[in-house]
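> would you be able to build a 3D model of this:
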Amino acid sequence: MRLSGRIALITGASRGIGKSVALAFAREGAGIFLVGHQDEDALQQTLQETRALGAEAEGGLFDVGNYEDVRRLTSAIERRFATLDIVVNNAGVIRPTPLLDITPAQWEGTIRTHLHGTFFCTVEAVNRFMKARRSGKIVNVAAAAALRGYHGVADYASAKGGIVAFTRNAAKELQSLNIQVNAVIPVARTRMIDSLGGYYERAFGEKAATRITEVASPEALVPSFLFFASSDSDYVTGQVLTADGGTTS
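The predicted structure is shown next:
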């Protein structure tokens with residue numbers, strides 16, 4: 001069991017990629033703290049499934065784009081597990097909108113959830129748990145839109161591009177603490193992909209939407225996250241792994 005004895009924080013864990021990663025980590029022996037934002041029922045279902053696999057699992061609803069909420073969730077981890085070894089910064093939102101129609105409020109909300117949330121969770125985890133122990137794994141989630149242009153996602157793509165830059169800079173600064181920071185660029189069939197597919201269908205037709213949505217399930221991405229979360233990646237940091245079935249090739 002590659003994560004036996006490790007404690008992992010996974011944000012955006014109610015469904016999709018976050019849920020698949022949580023179940024995989026549970027199978028590999030990790031204790032898990034799962035974070036959702038609004039859907040309590042979905043989060044509880046994920047917690048139930050991870051516990052059924054034998055994992056110690058706790059969690060709750062928090063807004064990772066709010067620093068005080070992140071402090072509350074790391075306090076909850078400290079009370080329950082006393083330590084933290086792995087952070088998967090997966091929480092995100094997408095609201096496909098033409099560039100010229102994106103409001104300042106939407107721009108701010110998207111950047112705050114993705115980029116601020118990644119920064120807040122990373123800094124809190126390192127300062128509270130990882131720095132003193134001089135070990136840890138941070139796995140960030142970027143997006144193909146950070147590497148190539150799409151329609152309707154300028155705010156989302158900008159946030160994800162920021163996460164790529166943050167990953168490389170954080171890796172450099174945390175290297176002396178033996179903390180590896182890497183990112184995955186995943187493409188899988190999730191509610192976010194379905195939302196983008198719906199936008200493409202309305203704007204460009206069914207064939208364009210099909211090209212967006214005909215992708216693998218989230219389970220296909222799990223090995224990439226396991227690699228970065230486990231000791232297999234102890235000599236790997238500052239890297240961005242594109243797990244997209246060739247979408248950006």
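
> most centrally placed residue in the chain?
Closest to where the C-alpha atoms of the chain average out (CA atoms, centre = their mean) is Asn90, at 1.4 Å.

> find the nearest non-adjacent residue to that residue, please.
Nearest non-adjacent residue to Asn90, counting by CB to CB, 6 or more residues apart in numbering: Gly12, 4.0 Å away. For glycine as for every other residue, the C-beta is placed from the backbone atoms N, C-alpha and C.

> contacts only, for the one you found.
Gly18, Val35, Gly36, His37, Asn90, Ala91, Gly92, Val141 (CB atoms under 8 Å, 6 or more residues apart in numbering).

> can you check Ala203 too?
The neighbours of Ala203, taking CB under 8 Å, 6+ apart as the test, are His151, Gly152.

> which SS class is it?
What DSSP: H, G, I helix; E, B strand; the rest coil gives for Ala203 is helix.

> am I right that the residue nearest to the centre of the chain is in contact with Ala142?
No - using CB atoms under 8 Å, Asn90 makes no contact with Ala142, being 10.7 Å away.

> on that earlier part again, mind checking how far the residue nearest to the centre of the chain is from Asp234?
Asn90 is 22 Å from Asp234, where distance means CB to CB, to the nearest Å.

> circling back to that earlier point, list the contacts of the residue nearest to the centre of the chain.
Asn90 sits next to Ile10, Thr11, Gly12, Ala13, Ile17, Gly18, Val21, Val141 when contact means CB under 8 Å, 6+ apart.

> now with 6 Å, please.
By CB atoms under 6 Å, 6 or more residues apart in numbering, the contact list for Asn90 reads Thr11, Gly12, Ile17, Gly18, Val141.

> got those residues as TSV, with distance to Asp63 and secondary structure columns?
As requested, the contacts of Asn90 are arranged in TSV below (distance: CB to CB, whole Å; DSSP: H, G, I helix; E, B strand; the rest coil):
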residue	distance to Asp63	secondary structure
Thr11	10	strand
Gly12	12	coil
Ile17	19	helix
Gly18	15	helix
Val141	17	strand
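
> among the residues you listed, which pair sits farthest apart?
Using CB to CB, the pair of those lying farthest apart is Thr11 and Ile17, separated by 10.8 Å.

> what's next to the longest helix anywhere in the chain, contact-wise?
Criterion DSSP state H: the longest helix present in the chain is helix 154-174. With CB under 6 Å, 6+ apart as the test, helix 154-174 has contacts from 94, 99, 102, 107, 110-111, 114-115, 118, 140, 142-143, 145-146, 181, 183, 237-238, 240.

> and the most far-flung residue of the chain relative to its centre, how far from Arg148?
Most distant residue from the mean C-alpha position of the chain: Gly205, 30.0 Å away (CA atoms, centre = their mean). Using CB to CB, Gly205 is found at 20 Å from Arg148.

> now do the buried residues in the strand or helix carrying Val222.
Under the criterion of DSSP states H and E, Val222 resides in helix 222-229. For helix 222-229, burial by neighbour count (16 or more other CB atoms under 10 Å) applies to Val222, Ser224, Phe225, Leu226, Phe227, Phe228, Ala229.

> biggest strand in this structure, by residue count?
strand 179-186 (DSSP state E).

> mind giving me the packing neighbours of it?
Using 3 or more CB pairs under 6 Å, 6 or more residues apart in numbering; DSSP states H and E, the elements in contact with strand 179-186 are strand 136-141, helix 154-174, strand 240-243.

> let me have those in JSON lines, adding mean neighbour count and distance to Thr210 as columns.
Supplementary listing: these in JSON lines, determined by neighbours: other CB atoms under 10 Å; distance: least, CB to CB, whole Å:
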{"stretch": "strand 136-141", "mean neighbour count": "26", "distance to Thr210": "24"}
{"stretch": "helix 154-174", "mean neighbour count": "20", "distance to Thr210": "21"}
{"stretch": "strand 240-243", "mean neighbour count": "18", "distance to Thr210": "21"}
